[in-house]
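1. Structure for this input, please:
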Amino acid sequence: MTDHPADEEGAPRGCPVMHGGADDLTRLYGPDAAVDPQGIYGRLRKEYGAVAPVLLEGDVRAWLVLGYRESRRVLDNPLQFSRDSRIWRDWQEGGVEETSPLIQMLGWRPDCVSQDGEPHRRLRRAVTDNLDTLAGRGIRRHVTHFANKQIDAFAGRGSADLVGEYAEYLPMLVLTRLFGLPAAEGRSLAAACAQVLKGGPDALAHNDRIMEILGELAERKRLEPGPDFTTGLLGHTAGLDEGEIVSHLRLVLITAHTTTSNLLARVLELILTDASRLAGLVSGQRAVSEVVEEVMWNTPPLAVLPGRFATADLELGGTQIKEGDLLVLGLAAGNLDPDIRPDSGVSVHGNQSHLAFSGGPHECPGQNIGQAIIETAVDTLLHRLPGLRLAVPADELTSTASTWEARLDALPVEFAA
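-> Predicted coordinates:
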């Protein structure tokens, strides 16, 4: 890395290397990033401050926003930091291939996430109205059903991996019911969603498979409507066209599954590595929502949020940003920003001002559904598996990170068969 120069004393800092050579920039992908993303965030914060130049997959340049206040400014100001990637300069100038794995996360689509202003409000209304309807239709009953089916598969063994055999697939099984999909599609869709978020050479093929399944679903639901999210989008007063419907099915499916499965694994990890938390939950003296809140602060399911694009030359966190620059938001880094959390060990109970749900006009609309899945999944597991305990020392648990998230590899447990 190069030193971050000051243009003159007290003036915003620039970064010539951001718009020139890339050899000295830190990569947010690859073996090093997969092992210690928080270490990378810490080094970047020390060297650059609240905003750091980085490379994404394919050595595509971006600004990583590390500061909590700076992330809030970006999220709350769509006029300065647009979600519309059609203004992304590297894309306009041909610096990003259409086959790049980044396109699955950053490319423009006819969905509410890719737009601002009135087009965003129209499309988001269709999503939120239907999610609110689903939340009122006994979603916990669906979670309990699929949670028990998952647990039945390993309850007689006395041991399990709660990532691979529980958290990794449960949210998708619930989503298949909410979308009106056959449950048999759940496992393949969960794997495909994970690959889209992970990136790599297979991301495009997995995304195409998701779009194919969801396109067929939309066609079927036009002929056979039901009490599900897909039918709700088809009939909403916002008048979504075919492309908008399939794009929103994709958006909700990938986002809801990947974040909820990751969050469920992290909540279970925190419970099982702290005997007092586990005892409190089993006895009813603590609520699962308290643990979820702590995880949201310390290990949010989406570590880096894609992406925003500067609509003009501006200054952010003492750094000069140019029109068309890509910014990605370090949610995990921002939540641990020493300017707002000088002591990360202090309790965050009752404090919901974390960045885990994003913020501003694009704040996650499915928070209640995700919370219901997590709480019901944990309660069902603790009820079904007496004597539940971690089967390995806590320091042997490992995670693997991609640009956008860090996922727990496994959570081996033992219990009374």
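2. from here on, contacts and neighbour counts on C-alpha atoms
-> Noted.
3. residue nearest the centroid of the protein?
-> residue 302 (3.3 Å; CA atoms, centre = their mean).
4. How about the contacts made by that one?
-> Residue 302 makes contacts with 259, 331-332, 356, 404-406, as judged by CA atoms under 8 Å, 6 or more residues apart in numbering.
5. do residue 407 as well
-> Residue 407 is in contact with 262, 301, 399-401, counting by CA under 8 Å, 6+ apart.
6. Ok, residue 244 next?
-> Residue 244 touches 110-111, counting by CA under 8 Å, 6+ apart.
7. what comes up buried for the helix or strand where it lies?
-> Using DSSP states H and E, residue 244 sits within helix 242-272. For helix 242-272, a neighbour-count test (16 or more other CA atoms under 10 Å) marks 244-272 as buried.
8. Need the CA coordinates for the next helix or strand after that helix. CSV is fine.
-> Going down the chain from helix 242-272, the next helix or strand is helix 275-283, by DSSP H and E. The C-alpha trace of helix 275-283 is given here as CSV (Å, rounded to 0.1, in the frame of the first residue of the first chain):
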residue,chain,number,x,y,z
ALA,A,275,-22.9,-21.1,28.7
SER,A,276,-24.7,-18.2,30.5
ARG,A,277,-26.5,-17.2,27.3
LEU,A,278,-27.5,-20.8,26.6
ALA,A,279,-28.7,-21.3,30.2
GLY,A,280,-30.7,-18.0,30.0
LEU,A,281,-32.4,-19.0,26.8
VAL,A,282,-33.3,-22.5,28.0
SER,A,283,-34.7,-21.2,31.3
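9. what pLDDT, on average, does helix 275-283 get?
-> For helix 275-283, the mean per-residue pLDDT is 90.
10. again, but for stretch 98-118
-> Mean pLDDT, computed over stretch 98-118, is 95.
11. for that stretch, how far is the first residue from the last?
-> 27 Å (CA to CA, to the nearest Å).
12. Report the buried residues of it.
-> In stretch 98-118, counting by 16+ other CA under 10 Å, buried: 100-116.
13. ok so residue 305 is a strand residue?
-> Yes: checked against DSSP: H, G, I helix; E, B strand; the rest coil, residue 305 lies within a strand.
14. So what's the residue count around residue 136?
-> Using other CA atoms under 10 Å, the number of residues around residue 136 comes to 10.
15. any idea how far residue 399 lies from residue 334?
-> On the measure of CA to CA, residue 399 and residue 334 end up 20 Å apart.
16. Show me which of these two is the more surrounded one.
-> Under the criterion of other CA under 10 Å, the comparison of residue 399 against residue 334 puts residue 334 first, with 29 against 13.
17. So the more buried one is in contact with residue 73, correct?
-> No: counting by CA atoms under 8 Å, residue 334 does not reach residue 73; the two are 12.0 Å apart.
18. quick check, nearest of the contacts of residue 407 to residue 138?
-> Ranked by distance to residue 138 (CA to CA), the contacts of residue 407 are led by residue 262 at 22.8 Å.
19. residue contacts, that closest one?
-> Neighbours of residue 262 in contact, by CA under 8 Å, 6+ apart: 167-168, 301, 407-408.
20. what's the closest of those residues to residue 83?
-> Distances from residue 83 to the contacts of residue 262, taken by CA to CA, are shortest for residue 301, at 20.4 Å.
21. what number of residues lie near the closest one?
-> 26.
22. Secondary structure of it: a helix, I assume?
-> No: assessed by three-state DSSP, residue 301 does not belong to a helix; its assignment is coil.
23. wait, doesn't it sit right on residue 358?
-> No: in this structure, residue 301 is not within contact of residue 358 by CA under 8 Å, at 11.3 Å.
24. Mind pulling up the pLDDT for the residue nearest to the centre of the chain?
-> Residue 302 carries a pLDDT value of 96.
25. can you check residue 20 too?
-> At residue 20, the model reports a pLDDT of 51.
26. got the angle for the strand or helix carrying residue 293 vs helix 275-283?
-> Assigned by DSSP H and E, residue 293 belongs to helix 288-298. Comparing the axes of helix 288-298 and helix 275-283 via axes from the mean of the first three to the mean of the last three CA atoms, to 10 degrees yields an angle of 150 degrees.
27. Tell me which residues touch residue 316, please.
-> 51, 70.
28. The same query, at a cut-off of 10 Å, please.
-> 12-13, 50-51, 65, 67, 70-71, 73-74 (CA atoms under 10 Å, 6 or more residues apart in numbering).
29. What does residue 314 show for phi and psi?
-> Dihedral pair for residue 314: phi -160, psi 180, per degrees, to the nearest 10.
30. Now rank the contacts of residue 302 by neighbours and give me the top one.
-> Each of those was scored for neighbours by other CA under 10 Å, and residue 331 scores highest at 31 neighbours.
31. So for it, what's the pLDDT?
-> 98.
32. Next, work out how far apart it and residue 364 are.
-> Counting by CA to CA, the separation of residue 331 from residue 364 is 13 Å.
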